[in-house]
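> Return a 3D structure for these sequence lines:
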Amino acid sequence: MDIKYLKGVGEKRAEAFGKIGIKSLEDFLNFIPRTYLTRSIVRGIPGFTGENVLVTGEVIDIRYPRKSHQPLEVSLYDKSGTVNIPIFGKSEFRSKQFRLNDKFLFWIKIDNDAYSSRYKISYRDHIKLNDQDIFEKDFLKFRYIPVYELSGVLKKTWIRPLLLSKIVFNAFSTIFKSNPELIEETIPPIYLTENGLISRKEAVLRINFPAELSDIETARRRLSFETLFYLELILALRKKSVQSERKGISFDKDIKSLTEKFKSILPYELTNSQRKVINEIYLDMKSSHCMNRLLQGDVGSGKTIVSVFSMLIAHENGYQSAFMCPTELLAEQHYKTISEFVQPLGIRVSLLVGGQKKKLREEILQDIRTGKSAIIVGTHALIQENVEFQNLGFVIIDEQHKFGVMQRAKLKEKGFNPDVLVMTATPIPRTLAMIHYGDLDVSVIDELPKNRIPVKTALRFENDKEKIFSFVKEEIKKGRQVYIIYPLIEDSEKLDLKSAEENYKYLKDNVFKELKIGMIHGRMFWYEKDEVMEDFKNRKLDILVSTTVIEVGIDIPNATVMIIEEAQRFGLSQLHQLRGRVGRGSEQSYCILIGKNPDETSLKRLNILCETNDGFKIAEADMEIRGPGEFFGIRQSGILNFPCTDLSKDEDLLVKAKNIAFKIIEDDIQLRKPANSIIRENFLKNYKDSVYLMEVA
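This next block holds a predicted model:
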């Protein structure tokens, strides 16, 4: 059935529905309510103070406004009493909508009246009722009425929330009465029974038309499990296809002598967590399978040391390693750190970034081509066509979420199926890691070096600036250095945010006239950034004004104060990353978050940062508040946009879904067994883009 023939739709609205992905009756089965409204009789309205409620009744009076700013007032009567509903807007337009004795369904909000002991009513929406309409006969039997997300494209066709609810109800009514076969089961009964889940048909019915509030959660969890199960199925196939693609390199040379050499050049002992992760990586590298591993570690946990040891294993077996970073500044930092570790062992490290002089670049490319350079650190310059490795066997991608899929694939193609280690200093909640990196094995460094002093974090406001600047001067007198972070490079007319350039001038000319101040931001050339950072590292600067360009990887042990302006504008994980630039030395360090008119949610977020230095706890809180898409800095993150899944509640479902999906693919890659027929049919129907994975695997 074409949805344009559905009651309340028509051709123009059908076109609008099509733009949001609803082109057939079946598509309404995935249209999930965003909230629910409770129906009430008029007498029961006072019990819903602070809430939205629906009331039905007959119009017994209409009072027209005397002045333009006054509302039209509709008196609605049911058997329990009468309620007066004020409706603002053009009275001549509103007066045509309401007639005496007509029946209506009203959506109103009930609040306490600040000037009396009575309640106050705010109008939200309405819909006219008809005794002959199936909507009134059947839909209004439900106590809880679903309300759906109303997109801009639908609003343009004069659809309001309650009309949308009516249209969706008409669609479901048609499906259940005339086309029940459209509601196909997607999960084999055995897995539903084992996990206490209801059928898909029952879940779809309950989430849209719950008899009790508990029905909503029961249905949501069933539909969430379905989403997570098929996602994990794709990830299991993806992982299997990578393993089956080509045989990996077996780095099987004995490394006892290498381990002793490595220990001798380390300035400190490895933590237990680092040892555990190194062992996991070594076992992977030793096997003939191609390693695809994610290494997570909080700020300052020592991921670089782990990566160095991994590259030494590759070198001991006669292979080159490539270390790709998202920025030139970070590449330079890693180049210096890695060089300090491996040069005593006679291992050559090269740096390849954009903007290098032609002669130097040619020398570096030649060293890479001939194998003279064993470790090559660089940016996306590493994947350019003229970069040829002699024998690339190990690839490290740092802060990998800042690279595209194609960039990562191109680097891997430079070698013969090299092992891949993906690193991130952004702690990722367990549930997100299982989804976003579900096709990778995961290693976690969850222990900081023993001598690390926790950074003290405080939330302050605009009127605290004088005290903050006095504190900065005291720290600098002690020989310390300070970061001051702003969210923008230059003034913006659209956003009322602090500007790095403007404030740099103000601080330099007015607040810290006697001190040496520098500035760094993303629009500077790499050599300009390097020069400023070198000055800061060599203590030629007391204060560094910056944007978030210094978020990752910059290591200045003498910097003890981090001030972040407009802190409410940053995500918690990003603030934690910024905070990680201090506390890297032996002195007590401080992070001062300056908020400008933060709302209640912002205060809650910022106080979490003040309460803990644990990046994983912060990441969990950040995801819970902002959602999984926002966690990665984008509103919609492809597979992370789930209408029924709440990752803060559904970790148990995710673990179950993953275990079942991976076991099925291990046992039946093509999903050919009779027990998996339901899964195969649904997979072929709804996940066409991933079907090729079954063939590859």
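> any idea how far L432 is from R408?
To R408, L432 is 19 Å away according to CB to CB, to the nearest Å. No exception for glycine: its C-beta is placed from N, CA and C like everyone else's.
> So if I had to pick from those two, which one is more boxed in?
Between L432 and R408, counted using other CB atoms under 10 Å, L432 has the larger neighbour count: 21 against 17.
> got any ranges where the stretch 451-600 of the chain has weak pLDDT?
Applying pLDDT under 70 to the stretch 451-600 of the chain flags residues 489-498, 526, 551-554.
> Oh, that last question was meant for the stretch 251-400 of the chain, not what I typed.
Filtered on pLDDT under 70, the stretch 251-400 of the chain yields the residue ranges 400.
> Need the contact partners of the strand or helix carrying S257.
Using DSSP states H and E, S257 sits within helix 256-265. With contacts defined as CB atoms under 8 Å, 6 or more residues apart in numbering, helix 256-265 is touched by V308, F309, L312, I313, E316, F341, P344, L345.
> For the fifth one, which residues are in contact?
E316 makes contact with F251, K253, I255, L258, according to CB under 8 Å, 6+ apart.
> residue contacts, the third one?
The neighbourhood of I255, defined by CB under 8 Å, 6+ apart, consists of Y282, I313, E316.
> if we go to 6 Å?
Each residue near I255 by CB atoms under 6 Å, 6 or more residues apart in numbering is listed here: I313.
> List the backbone torsions phi and psi for it.
phi -110, psi 20 (degrees, to the nearest 10).
> Against K263, how distant is it?
In this view, I255 and K263 are 12 Å apart by CB to CB.
> you'd agree L182 is up against I175?
Yes: using CB atoms under 6 Å, L182 makes contact with I175 at a distance of 5.5 Å.
> before we move on, back to that, could you tell me which of the contacts of E316 count as buried?
The neighbour count (16 or more other CB atoms under 10 Å) marks F251, I255, L258 as buried among the contacts of E316.
> ok, the first one touching M285?
Yes: because the distance of 4.2 Å satisfies CB under 6 Å, F251 is recorded as touching M285.
> Quick check: neighbours shared by these two?
Common neighbours of F251 and M285 (CB under 6 Å, 6+ apart) are I313.
> For the contacts of helix 256-265, name the two members farthest from one another.
Spatially, the most separated pair among the contacts of helix 256-265 is I313 and P344, at 17.3 Å (CB to CB).
> Can you select the buried ones from the contacts of helix 256-265 in ChimeraX?
Buried residues among the contacts of helix 256-265 (16+ other CB under 10 Å), as a ChimeraX selection:
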select :308,309,312,313,316,341
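> Take the contacts of helix 256-265 and write them to CSV, including distance to P33 and secondary structure.
Listed next are the contacts of helix 256-265 as CSV, based on distance: CB to CB, whole Å; DSSP: H, G, I helix; E, B strand; the rest coil:
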residue, distance to P33, secondary structure
V308, 52, helix
F309, 52, helix
L312, 56, helix
I313, 53, helix
E316, 59, helix
F341, 56, helix
P344, 64, helix
L345, 62, helix
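> ok, the contacts of helix 256-265 vs R275, which is closest?
Distance to R275, by CB to CB, is smallest for F309 among those, at 10.0 Å.
> quick one: the strands in the stretch 451-600 of the chain?
Along the stretch 451-600 of the chain, the segments classed as strands by DSSP state E, counting those that start in this stretch run 456-461, 481-485, 517-520, 543-546, 559-564, 590-595.
> Quick check: which of the ones you listed is nearest to H334?
Of all those, it is strand 517-520 that lies closest to H334, at 17.6 Å by CB to CB.
> Just checking: what are the partner strands of the closest one?
With DSSP bridges as the test, strand 517-520 is paired with strand 543-546 (parallel).
> which residues sit against the strand it pairs with?
Taking CB under 6 Å, 6+ apart as the rule, strand 543-546 contacts V482, Y483, I484, I485, A500, Y504, I517, G518, M519, I520, F536.
> Could you do stretch 440-450 as well?
Taking contacts as CB under 6 Å, 6+ apart, the residues outside stretch 440-450 that touch it are 271, 273-274, 277, 280, 292-297, 301, 433.
> Between all of these, which two are at the greatest distance?
Taking CB to CB as the measure, the contacts of stretch 440-450 have their most distant pair in T271 and N292, spaced 24.5 Å apart.
> Give me the longest strand you can find in the chain.
strand 52-63 (DSSP state E).
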